[in-house]
Each structure stands twice: as C-alpha cells, then as structure tokens.
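*Asks:* Could you look at this predicted model? Sequence included:
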Amino acid sequence: MINNNIKNDSGLLVLAIRLVIGWTYFSAFWRRTILANKLDPEVAGYIGEKFNHFLPNALGIKPIIQYLVENPDILWLNMVIFTIIEGIVGLFIIFGLFTRIMSIGVFGLAMGILLGSGWIGTTCLDEWQIGVLGIATGYVLFLTGSGKYSLDNYFMKNNFSFTNKKWFAWLGSGILPIKNNIFPRFVLIGSLAILGMTLFTNQVFHGGVWGTLHNKSVKPKLKITEGKINNNMLSFDVFRTEGVDVYGSWIIAIEVLDQNNNTIVQYSQKELASLADQNISNYYVAKIKPGKHSLVIPLGAKAKMTFSNQVFSQLSNGTYTVKITDISGAFWSHEITK
C-alpha cells in the first residue's frame, strides 16, 4: 500500500515541472557560456542584440530596454548578471534547493520575458507562451516547494538546524506558514491574478481575447521620422518595429519623390549595399548596415540615415516623400517639407 504522506507530498507531485522549468532557465546559461559564446558583443548571436529585438513593442519596461541598448557597456554587464541569475535559479530549482525563493526568481524572469518579448513569435506566440507558463509554474512551485527528491527535503529529513527556522518555510520548502482558512484564498487570488495577466497580455500583444487577431512578428514594418532636406543633404531616422526577429528587412531602394510622384533621386539596391559608415548613425546595439546585396535592417534597429546629393540643394520649397522599399515589395513613406 502506498504511504498517504508520499501521495500527499505536493512537492513530489510537481517534480516533472520542477525539473523542466529548472532546465529551461539553466539551459540559457549553458547555451550562452558553454555551447557558444553569446556574451561577446563582437560575435554574431550576441544576446544583447536579441535583447534589442524586444524594444519596439515591449510592455511597461520599454524605457529600461531603451536605456540599456543605448548604453552598450551597461547592457553587457546586465546581460552577464542576467545570465548568471538564470543559471543559479535553474540549477537550484533542478536540485530543489531553497525552492521557494528560487521560484520567485522563476516568476520574475518569466515576467521579464513576457513584458519584453511576449509579442514575438511567428507561429505559436512563442515568447508569450514561455512567459505566461513560466509565471504560472513559478507560482505553483512557490506554493508546493520541493518534495521527496530535493536537497530541501534532505536537509529537513536530516534535521539541519536552519530548517527549523521560520524563514526556511518561506524560502525553502515544507508547509507554508499560512493559516488554513486563508490559504485557499491565497491560492485563488494569486491564480486569478495570473490568469488576468495572461488574458491582458494576450489581448494587448495579439488581440487573442476579442477583436481582430494580429501578429507583429510576421511582416517587417519600418517607421520613418525626422525627415529633413538641408542644402545638399537628406536625413531621416528609420526604426524597424515589427517582423521576424531572426531575419532583417532587406531594403533594395530608397527614393525621393516630388508632389507629382516623380522620382527625383533613387538609391538602388547595389548603392545601398555599398553605403559608407558615415551614411548610417546607429542608435542601438542592433545595427543597420549594408549587406551583400542590400541594406539590412534588423528588428529593433534604429539609425539616422544621411545622403549627400547636389540635387537636394536645387529643389524648390515644397513637400517631398521619402519611400523605402523592401525586397518583398512592401514599402514605407514619409513626407518631408523643405
């Protein structure tokens, strides 16, 4: 006959969740430091550039992300600290060591993923699902702690002195010191709050609760601002705000049109692929730069583009249009008044 104490060991019942969620976060540390060097700003796949992809549509934490991607040294330090925290949280969760405080770490890391990148995902709302499930599992692990197969349990079973302290029940495992008549409400309120966060972010990021479904990760979108024509110089800011995070937007033409839609100046695919550094002034760590066959604009990249041409100094006062065309045929326009 199975011992009822074992059957009712809630920490044991969530063992699979604990092991999987632990590996989910520890694997981030493992990937970036052991399998590949993703903490080197000079190497392709630098985690800071991935972080920059979150910027355009992050929810609530956009100012923090913008500050970091505008300050590469501080960004790098934060990426290192963030990676170490993920490694510690994941490893401790796997071994069931100080489970409850580590579950708060899981909750916080998942919240960061949700608010920062919950809008990214071309097919299955990937980052949103990772975020909301991480929040829910973090909360469950806080409620249950770790059971039979954990270091917390080993310490308690062998009566280590610190396990008898009141703080251990809050930070490690064991029975939560919450009154029996309050505990069900604690579980219910926390669960409903997490459900509310799930529905709210699903609606904001994807229109998944009512209205029209949308996915900002499918097609590239550029935002053009600050357009100016001054003497022989054209300048404008371009910001990639939507589209797949693992591919750039390939720009094959930049044109200046007059009020009659006639092309005044056109920069071809070949010319854009050979732009000099002085033509592009990047704001963030994800950089707009010439590619082999076009101008490449990664997700979250923003730069001031400048073009010198004697034709601009000869233009009469009026309204002109900058038109940027992607290789897919999509294009974006911005009016400039001279």
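*Replies:* Yes, it's here. Residues are numbered from 1 along each chain as shown.
*Asks:* count of neighbours near the closest residue to residue 199 other than its chain neighbours?
*Replies:* Sequence neighbours aside, residue 209 is the residue nearest to residue 199 in space, at 5.5 Å (criterion: Cβ to Cβ, 6 or more residues apart in numbering). Just so you know, the C-beta spots here come from the backbone N, C-alpha and C atoms, and that holds for glycine as well. Using other Cβ atoms under 10 Å, residue 209 has 13 other residues around it.
*Asks:* Over to the one 4 residues further on?
*Replies:* Residue 213: 9 surrounding residues under other Cβ under 10 Å.
*Asks:* and if you look at residue 273?
*Replies:* Residue 273: 17 surrounding residues under other Cβ under 10 Å.
*Asks:* That one reaches residue 295, doesn't it?
*Replies:* Yes. With contact defined as Cβ atoms under 8 Å, residue 273 reaches residue 295; the gap is 6.8 Å.
*Asks:* ranges for the helices of the chain?
*Replies:* 4-7, 10-13, 15-30, 47-53, 62-70, 72-95, 99-117, 126-144, 151-157, 166-171, 183-206, 269-272, 310-313 (DSSP state H).
*Asks:* Can I get the ones you listed in a markdown table including distance to residue 248 and mean neighbour count?
*Replies:* Listed next are these as a markdown table, based on distance: least, Cβ to Cβ, whole Å; neighbours: other Cβ atoms under 10 Å:
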| stretch | distance to residue 248 | mean neighbour count |
| --- | --- | --- |
| helix 4-7 | 54 | 9 |
| helix 10-13 | 46 | 17 |
| helix 15-30 | 24 | 18 |
| helix 47-53 | 11 | 22 |
| helix 62-70 | 17 | 17 |
| helix 72-95 | 20 | 18 |
| helix 99-117 | 18 | 22 |
| helix 126-144 | 19 | 20 |
| helix 151-157 | 46 | 18 |
| helix 166-171 | 45 | 15 |
| helix 183-206 | 22 | 14 |
| helix 269-272 | 12 | 16 |
| helix 310-313 | 27 | 12 |
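*Asks:* mind putting these in JSON lines, distance to residue 36 and mean pLDDT included?
*Replies:* Shown next, in JSON lines, are the helices of the chain (distance: least, Cβ to Cβ, whole Å; pLDDT from 0 to 100):
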{"stretch": "helix 4-7", "distance to residue 36": "42", "mean pLDDT": "60"}
{"stretch": "helix 10-13", "distance to residue 36": "34", "mean pLDDT": "94"}
{"stretch": "helix 15-30", "distance to residue 36": "10", "mean pLDDT": "97"}
{"stretch": "helix 47-53", "distance to residue 36": "10", "mean pLDDT": "95"}
{"stretch": "helix 62-70", "distance to residue 36": "21", "mean pLDDT": "97"}
{"stretch": "helix 72-95", "distance to residue 36": "12", "mean pLDDT": "97"}
{"stretch": "helix 99-117", "distance to residue 36": "20", "mean pLDDT": "97"}
{"stretch": "helix 126-144", "distance to residue 36": "20", "mean pLDDT": "96"}
{"stretch": "helix 151-157", "distance to residue 36": "30", "mean pLDDT": "97"}
{"stretch": "helix 166-171", "distance to residue 36": "34", "mean pLDDT": "95"}
{"stretch": "helix 183-206", "distance to residue 36": "29", "mean pLDDT": "97"}
{"stretch": "helix 269-272", "distance to residue 36": "31", "mean pLDDT": "96"}
{"stretch": "helix 310-313", "distance to residue 36": "45", "mean pLDDT": "94"}
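*Asks:* Between the ones you listed, which one is closest to residue 227.
*Replies:* helix 310-313 (11.9 Å; Cβ to Cβ).
*Asks:* Can you report how many residues lie near residue 264?
*Replies:* 15.
*Asks:* Quick one: residues contacting it.
*Replies:* 255, 256, 257, 258, 311, 315, 320 (Cβ atoms under 8 Å, 6 or more residues apart in numbering).
*Asks:* Per the annotation, how does the chain divide into domains?
*Replies:* 4-206, 221-337 (automatic domain parsing).
*Asks:* and of these, who's closest to residue 214?
*Replies:* domain 4-206 (6.3 Å).
*Asks:* what's near enough to touch residue 170?
*Replies:* Neighbour list for residue 170: 100, 101, 176, 177 [criterion: Cβ under 8 Å, 6+ apart].
*Asks:* Point to the residue nearest the middle of this structure.
*Replies:* A centroid search over the chain (Cα atoms, centre = their mean) returns residue 117, at 3.3 Å, as the residue closest to the centre.
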